[in-house]
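> sequence below, structure please.
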Amino acid sequence: MNTATIIGIISIAIGAVCVASAFAAYMYKKPTYVPVALGIVAFVTLTLIPVFLAVFYATSPG
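Predicted coordinates:
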């Protein structure tokens, strides 16, 4: 496995933890900014980082 694969796996794992944490924060009635912030972090780590890695790093030659 190369660096892009490892970073992608870690990013997706962090995103999954953030989704679960956002749900838990919502269910335990934490302040609104907590689940929203966790949701934003989850969105970035589940979508933007893997797409960036796939488009710009993994498709580059060599």
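> show me the shaky parts of this structure.
Applying pLDDT under 70 to the chain flags residues 62.
> gap between Phe43 and Cys18?
Phe43 sits at a distance of 9 Å from Cys18 (criterion: C-beta to C-beta, to the nearest Å). Yep, even glycine has a C-beta here, placed from its N, CA and C like the rest.
> neighbour count winner among those two?
Higher neighbour count among Phe43 and Cys18: Cys18, with 21 against 13, using other C-beta atoms under 10 Å.
> which elements pack onto the host helix or strand of that one?
Assessed by DSSP states H and E, Cys18 sits inside helix 3-27. For helix 3-27, the helices and strands in contact under the criterion 3 or more C-beta pairs under 8 Å, 6 or more residues apart in numbering; DSSP states H and E are helix 33-43, helix 49-52.
> and the residue nearest to the spatial centre of the chain, what does it touch?
Compute the mean C-alpha point of the chain, and by C-alpha atoms, centre = their mean the closest residue is Thr45, 1.9 Å away. By C-beta atoms under 8 Å, 6 or more residues apart in numbering, the contact list for Thr45 reads Ser11, Ile12, Ile14, Gly15, Cys18.
> kindly report the same for Ala4.
Ala4 sits next to Leu53, Ala54, Tyr57, Ala58 when contact means C-beta under 8 Å, 6+ apart.
> having no further points to raise, I will conclude here.
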